[in-house]
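K.L.:
Mind looking at a prediction? Sequence and model below.
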Amino acid sequence: MENQDPVEGQTPIEHIPTPEVIQEETPQEETSQDLKFTNRLDLSELQTNVQKMKEEIGKVIVGQTDMVDMLLASLLAKGHSLIEGVPGVAKTITAKLMAKSLSVGFSRIQFTPDLMPSDILGTSVFNLKSTEFEFKKGPIFSNMILIDEINRAPAKTQAALFEVMEEQQITIDGNYYKLESPFMVLATQNPIEQEGTYRLPEAQLDRFLFKIDVGYPNLEEEIEILMREHHLQDRVKTDAITPFLTAEQIVKYQALVTQVLVEEHLLKYIADLIMATRNNKFLYLGASPRASIAILKASKAFAAMTGRDFVTPEDIKRAAIPVLHHRVIVTPEREMEGITSTDVIKQIIENVEIPR
């Protein structure tokens, strides 16, 4: 039987593929080296418009990419930003350009030593025709509020911003007035000039999501600024920006950001960073729970801006310094040695173990 030759027209037995061989080839055919991750959330429109806004602002502003990123993240996270820098580094113009690219209400308030809370919030005015008091809304009733030189107003005027920045509402004469969404306060201040200025209360500083330190441009950027000024005799400035985002779109993007995924071990990483500020011997005042929530919101915004629907440790590290360095206070001894809150926070970030 074994020595019989195969019948003509039949395939030899040894050439017939066995079932085992077929089973081994099947998974190889289905395996792909180019599998792509699919987001749970559709962030493509958000990412595209964020990039477009950067390009629009870049038509006028040279450099300052970190400031622009922080402002956009603050908007997406429903936060407020304090921009600090020496005069002439495009603090105010950048805030104006950002507002210009949005089809929302915009108000600019110049803070001065004689500014009163009613000048910001509004006041009740007696109507002679109706013989009743009517509330006249102040400039705070808008979507984007630019406060120029915020540290030039006294404490009672600063206190007028507490409720509106935290709760997005105003209480006057026992009546509540809810502000429309989106709502964002952008404030600027000069850290060098001290004459005629007032130190911002800690309670107010804590209500800013970010404190953005704006530095000088580098050599290449300085040359580019001069080239643009030389060749553009007609200074375009804010007229170069075309509004392209509506209030409804911004509110939709803000809702998407809240749905960005954060793993439990990353929540613990945020908590570890906050606890490290409270136990640090170089700090007189550590960060509050509001700071940990701020890092969470900011890291979600940074992730969404890059098109990701999940947060990474790098997002948290990127958010930590601008969120924390205005909320903690260095001890007087270390401050006299020249140690800043930013130095301490950088050291904390290096020392706290990053979960992987």
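P.N.:
Cool, the structure landed.
K.L.:
any low-confidence regions in the stretch 1-150 of the chain?
P.N.:
1-39 (pLDDT under 70).
K.L.:
how about the helices of it, start to end?
P.N.:
19-30, 44-58, 65-76, 91-100, 117-121 (DSSP state H, counting those that start in this stretch).
K.L.:
Report the angle between the fourth one and helix 44-58.
P.N.:
The one in question is helix 91-100. Using axes from the mean of the first three to the mean of the last three C-alpha atoms, to 10 degrees, the inter-axis angle of helix 91-100 relative to helix 44-58 is 140 degrees.
K.L.:
how far out from the middle of the chain is helix 91-100?
P.N.:
Chain-centre distance of helix 91-100: 15 Å, with C-alpha atoms, centre = their mean, to the nearest Å.
K.L.:
Please name every helix or strand in contact with it.
P.N.:
helix 44-58, helix 65-76, strand 81-85, strand 106-110, strand 144-148, strand 184-189 (3 or more C-beta pairs under 8 Å, 6 or more residues apart in numbering; DSSP states H and E). Using the backbone N, CA and C atoms, a C-beta is placed for each residue, glycine as well.
K.L.:
For residue 260, which non-adjacent residue is spatially closest?
P.N.:
residue 300 (4.1 Å; C-beta to C-beta, 6 or more residues apart in numbering).
K.L.:
Need the three-state assignment for that neighbour.
P.N.:
Recorded secondary structure, residue 300: helix (DSSP: H, G, I helix; E, B strand; the rest coil).
K.L.:
How about the contacts made by it?
P.N.:
77, 257-258, 260, 262, 311, 315 (C-beta atoms under 8 Å, 6 or more residues apart in numbering).
K.L.:
so where do the helices sit in the stretch 251-356 of the chain?
P.N.:
264-278, 289-305, 313-324, 332-336, 341-351.
K.L.:
now for the ones you listed, which one comes closest to residue 164?
P.N.:
Closest to residue 164 of these, according to C-beta to C-beta: helix 289-305, at 16.1 Å.
K.L.:
angle of the closest one against helix 264-278?
P.N.:
Using the same axes, to 10 degrees: helix 289-305 against helix 264-278 is 140 degrees.
K.L.:
Between helix 313-324 and helix 289-305, find me the angle.
P.N.:
Here helix 289-305 runs at an angle of 130 degrees relative to helix 313-324 (the same axes, to 10 degrees).
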